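Asks: here is a sequence with its predicted model. Questions after.
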Amino acid sequence: MAVLPSGIFHTRRGARRASARDLDYGPPEGAPSLREAIADYLHRARAVVCDAARVVIVNGSQQTLDLTARVLLDRGDRVIVEDPQYQGAREVLRAAGARLQTATVDREGIDPAKLPKARAALVTPSHQFPTGAILPLARRLALLQWAKRSRAVVIEDDYDGEFHYEGQPVESMQGLDTEGRVIYIGTFSRTVFPALRIGYLVVPKALVDPFTGAKWLCDRHTPTLEQETLAEFIVSGAYERHLRRARRKNAVRRRALLEAIRDHLGDRVEVTGEGSGAHVALWPRGRISEETLVTRAAECGVAITGISQYFLRANPRPGLLLGYARLCESQIREGIMRLAAVV
């Protein structure tokens, strides 16, 4: 998803007016202007309860997980992860020496009633990756109660919470937390562009200093000029105007995708995750291997991703990941028509 022309303009203007001090080492926790802008935005858009002092700026979502593991985990600590799960997240935890405990995902996400005691749980409640399940309010509250009983931390990865299409979005888990047990992480990679490499954590007050110290030891600071530019982009209102346009475009693409699936695939497949985000999961009902589907689709000029790679345990059925944010309507319809020939 490309940044707006206005964002490029701000970058040029910021570079021209930057002082020597602006180009020096910045604070490890991030530029005050960006931390303030993010705190205000998250309060409005995601019901996150925080102030700028609790926001730590990092170099993308991978670093949010790396710092969390450095600060909170000892080798051998048990961490709950959703199954399936994004590989990059679980590999960070493995590298830190964590013992991963899988939690099976159903149509409503993970079930907190089935979780064992652990040091932490990593979840994607707003749009589970990759199945797209949205964790309902009752399970969010139950997960917070589990964290309280287990004296655990919940790591809430809100990787694409800005994109919601049906009904009212469920508020962030962080906004429901009264015990200081949720670490909220986000990134601008999906809403601006990945090369920006700016993400953030919202941490409980007691953890601000440990996270700031870990950030300083890791890479000293996140580039200052980009932070100041992004802060202006947010404060000016351009960022939220950009998001509204992106949501409208994604909604049109999503509708084209669902209509094409209905017209060309019908009841041969089940669709999950269509309520939010920028991808859906497609589950063929017939007896065909996932590998065969991916290979045959590629032969027809359709690039799709199999879901099995995201499972820690055996995938119970073949599934496909269909992203649509970078495609136009005609490309979506043509792709589904070709895919239908091999499903």
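Replies: Thanks, I have it. The structure displayed is predicted, hence computed values, not measured ones.
Asks: sort out which residues of the helix or strand hosting R241 are buried, please.
Replies: Using DSSP states H and E, R241 sits in helix 238-264. Using 16 or more other C-beta atoms under 10 Å as the test for burial, helix 238-264 gives 238-239, 242-243, 246, 250, 253-254, 256-258, 260-261, 264. C-betas here are computed from N, CA, C, even on glycine.
Asks: likewise stretch 129-142?
Replies: Under the neighbour-count criterion of 16+ other C-beta under 10 Å, stretch 129-142 has 129-135, 139-140, 142 buried.
Asks: what of stretch 204-215?
Replies: Buried, per 16+ other C-beta under 10 Å, within stretch 204-215: 204, 207-208, 211-212, 214-215.
Asks: tally of neighbours for V154?
Replies: Applying other C-beta atoms under 10 Å, we find 24 residues neighbouring V154.
Asks: what do you get for P116?
Replies: Using other C-beta under 10 Å, the number of residues around P116 comes to 10.
Asks: and what about the closest residue to it other than its chain neighbours, helix, strand or coil?
Replies: Of all residues not flanking P116 in the chain, Q101 sits nearest, at 6.3 Å (C-beta to C-beta, 6 or more residues apart in numbering). State at Q101, reduced to three classes by DSSP: H, G, I helix; E, B strand; the rest coil: strand.
Asks: okay, Q101: pLDDT?
Replies: Looking at Q101, its pLDDT stands at 96.
Asks: who are the neighbours in contact with it?
Replies: Counting by C-beta atoms under 8 Å, 6 or more residues apart in numbering, Q101 touches 78-81, 116, 118.
Asks: filter the residues you listed to the buried ones?
Replies: By 16+ other C-beta under 10 Å, the contacts of Q101 give 78-81, 118 as buried.
Asks: if we can go back for a sec, who is the residue nearest to P116 paired with across the strands?
Replies: I80 (DSSP bridges).
Asks: that one and W146, how far apart?
Replies: Separation of Q101 from W146 (C-beta to C-beta, to the nearest Å): 13 Å.
Asks: which stretches of this structure form strands?
Replies: Counting by DSSP state E, the chain has strands at residues 55-58, 78-83, 99-104, 120-123, 153-157, 182-187, 199-202, 269-272, 279-284, 305-306, 320-323.
Asks: Y25: which of those strands is closest?
Replies: Across these, the minimum distance to Y25, taken as C-beta to C-beta, is reached by strand 55-58, at 13.7 Å.
Asks: now that closest one, how far from the centre of its chain.
Replies: 16 Å (C-alpha atoms, centre = their mean, to the nearest Å).
Asks: before we move on, what about stretch 78-97?
Replies: With C-alpha atoms, centre = their mean, you get 14 Å for stretch 78-97.
Asks: that older thread, and which of the buried ones among the contacts of Q101 is nearest R285?
Replies: V81 (27.8 Å).
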